[in-house]
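>>> Take a look and give me a structure for this.
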Amino acid sequence: MCRAGGDTLWGHSMLSFFRFSARARVFLVLCTLLPAGLSAYAQGPSASSNASVSTTVTVLGPKFTPAPPVSKGDVSVYDGKTRLQVTNWISARANAAALQLAIMIDNSASELGVGSQLGDIASFIRSQSRNTAVGVFYAVNGTVQVASTFSTDHDAVAKTLRPPLGLAAGDSPSIYVSLSDLVKNRWKPSGARHEVLLISDGVDGLDPGPDSLYVHNAIEDVQKAGVVVHTVYTGSSIRFAETFRGQYAQSNLEELTSGSGGFGFYEGISPPVSYHPFLQQLNQVLQNQYVLTFSMPVREKKNGELRGIDVHIEQRNLEIKYPKQVFVPGQPAK
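Residues are numbered from 1 along each chain as shown. Modelled structure (predicted):
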């Protein structure tokens, strides 16, 4: 009995020991895993997730003169105070930097004023490089009418130009609504740079005030699509241009170009005598561009977001133009 009693006590002791050891092992495992789990949660899934973002940067010397070559090592990009990694920097003169250029004419513009400039516009189209596909569009009824799809047959594209016809063919209630339609619905994604030459007086017939919703929407749309917009202000009568409405119209065009990284061309408040000097300057712009690609941290926004950037180049006395904001895709679904 005594032996039997001793065996029983020994058995209970061993059973208690194994139970304690099992609990200890579970506790140790939890203690090991818990800090790692908390650390991953605090950093979030965006901590190691980056997106490759590309945008167009124009680099010019003084007064639209060509800039000396800029190397990748001379370029830095910032998101706030954070320096981003530059992964590529391709000159527009390279074969890889193709361009699709949309010439968009406001159909409500002056038939005589713009019509007298068609020869200069046609010469500009014919002067484009083999890497540039040009399309011609007219802003009509809040959308665009296609005169020519994008083509590198520049002579054929130039022949599709016509004077604006205004009410006879349907003017656009807002040139900015038509621009949004062009970049969102009429332009298929491609590896080429996407740019627009917009010829208009800048009047927004739907919201002629100083803070037009349609202007803001158009700027957001071109930034999301990565489209650079250049404008030629067609001018108007002196009586009209002296009104606040005329000032707002020209301001709209300036806001659009600066937001997208483009250039605005105008001669004060009057209609330009000739588009030729403007188009020569625009040619310099298109020939002195770079495609900049950099790595941008991705935030937890499923649909992506527009983020501001700053681009710096080591060389001095250069004019640098780029979009104020670029589109960064969101976190992919798990």
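>>> and the protein, what are its domains?
1-43, 51-92+289-328, 99-287 (automatic domain parsing).
>>> Quote the end-to-end distance of the second one.
Start and end residues of domain 51-92+289-328 are separated by 7 Å (CA to CA, to the nearest Å).
>>> what mean pLDDT would you report for it?
Throughout domain 51-92+289-328, pLDDT has a mean value of 95.
>>> The shortest one now?
Throughout domain 1-43, pLDDT has a mean value of 37.
>>> Could you tell me what pLDDT the model assigned to the residue nearest the centre of the chain?
The structure's the chain has its C-alpha centroid closest to Gly226; by CA atoms, centre = their mean the separation is 2.7 Å. pLDDT, Gly226: 96.
>>> ok, now which ones touch it?
When contacts are counted by CB atoms under 8 Å, 6 or more residues apart in numbering, Gly226 touches Ser54, Thr55, Thr56, His194, Pro323, Val326, Phe327. (Each C-beta comes from the backbone N, C-alpha and C, glycine too.)
>>> Correct me if wrong, but Asp120 is in a helix.
Yes. Using DSSP: H, G, I helix; E, B strand; the rest coil, the assignment for Asp120 is a helix.
>>> Number of residues surrounding it?
Counted by other CB atoms under 10 Å, the residues lying close to Asp120 total 17.
>>> That one against Pro272, yeah?
No. Taking CB atoms under 8 Å as the definition, Asp120 is not a contact partner of Pro272, at 9.8 Å.
>>> Next one, pLDDT for Glu111 please.
Looking at Glu111, its pLDDT is 84.
>>> close enough to count as contact, it and Leu118?
No. Judged on CB under 8 Å, Glu111 makes no contact with Leu118 at a distance of 10.7 Å.
>>> Common neighbours of these two, please.
Pro163.
>>> For the residue nearest to Thr152 when sequence neighbours are not counted, pull up the helix or strand it's in.
Leaving aside its chain neighbours, Thr152 sits nearest to Ala133 (5.1 Å; criterion: CB to CB, 6 or more residues apart in numbering). Secondary structure from DSSP states H and E places Ala133 in strand 132-140.
>>> in its sheet, what does that strand sit against?
Strand partners for strand 132-140, identified by DSSP bridges, are recorded as strand 99-106 (parallel), strand 143-151 (antiparallel).
>>> Of those, flag the one that's most buried.
Burial of these is given as mean neighbour count (mean count of other CB atoms under 10 Å); strand 99-106 ranks first at a mean of 24.
>>> so how far is that one off the chain centroid?
Strand 99-106 sits 16 Å away from the centroid of its parent chain (CA atoms, centre = their mean, to the nearest Å).
>>> try stretch 145-153
On CA atoms, centre = their mean, the centre of stretch 145-153 falls 22 Å from the chain's centre.
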